[in-house]
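Any chance you can model this:
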Amino acid sequence: MNQTPRGLNRTLLVIIGLLFTAVGLHGLLVSSLPRYAAGWRELAEAVGESVEYGLRETAMAGQTTSWIWIVVVIALIGIVLLMVGWIAVQGKGRTGVFAEAYFPGSGAEGTPSGPVTSTPGAVELGAAVPEQAVKAALADRTDLVSTHVSTWETGGDAGLQIKVQPRLGAAPLQVSREISETVQEIDAALGRSSLVVIHLAAGARTRMSRAERVR
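Okay, here's the model as predicted:
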């Protein structure tokens, strides 16, 4: 439900993996093939001489420092900013508002006691309301090790993500069905229907907990 750029992340992982694979293969060839190692040394020496020549030719007036280093520093700063931006977009989508509505007001209304003015205003339902309601509804269940509820923005609306860890031996289908019924009751109480994702997780706590069947 979050807005993590999974496609970009997978692309970066593939590129980084290929780079590390190429570096590892290069190191293996250098250490195992003398001809390859000799050719690599010649190439490295030629590239090194070209770099030194380029730095000398691009030296700033009255100085021995090349302006290329300024370009390198700017490029590194740009890469750092891109990495910070990439980190910032990971896991986005959490919201603190589950529902909100605005009432513009209807002006003065006549009543036996006199005119009544409907004041405009807004009503906001925080994310803690459905989260606490779901946790309270599932708190007495003995077939669940843990329950975590979070609210996410999905297509301009808010939805719930319910992550639970059933005990060892619990029936996953029945657990998810009963959680769905609980969510439907909460939606009816709140007067709102929303997208709900139920995630049944397994971990060390699940394996070490006492097995109980869902009743």
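
now for the strand or helix carrying L18, which elements pack on it?
Per DSSP states H and E, L18 falls inside helix 6-32. Applying 3 or more CB pairs under 8 Å, 6 or more residues apart in numbering; DSSP states H and E, we find helix 6-32 packed against helix 34-57. Heads up, the C-betas are built off the backbone N, CA and C, glycines and all.

Determine how far the strand or helix carrying V73 lies from the middle of the whole chain.
Using DSSP H and E, V73 sits in helix 68-88. Averaged C-alpha coordinates place helix 68-88 at 23 Å from its chain's average position (CA atoms, centre = their mean, to the nearest Å).

what about A170, which SS state?
With DSSP: H, G, I helix; E, B strand; the rest coil as the basis, the three-state label of A170 is coil.

wait, isn't it in contact with V145?
No - between A170 and V145 there is no contact under CB atoms under 8 Å: 9.2 Å.

How is this structure partitioned into domains?
6-88, 123-208 (automatic domain parsing).

Show the average pLDDT along the helix holding V73.
Across helix 68-88, pLDDT averages out at 91.

go on, stretch 151-160?
77.

distance between the ends of it?
5 Å (CA to CA, to the nearest Å).

same deal with stretch 151-171?
26 Å.

Go through that stretch and flag the buried ones.
151-154, 158-162, 164-167, 170 (16 or more other CB atoms under 10 Å).

Farthest pair within these?
Using CB to CB, the buried residues of stretch 151-171 reach their maximum pairwise distance at E153 and R167, which is 32.0 Å.

for the protein, which spans come out with low pLDDT?
1-3, 91-92, 105-118, 155-156, 203-215 (pLDDT under 70).

correct me, but Q90 touches R6?
No - between Q90 and R6 there is no contact under CB under 8 Å: 10.1 Å.

I162 and A128, how far apart?
In this view, I162 and A128 are 15 Å apart by CB to CB, to the nearest Å.
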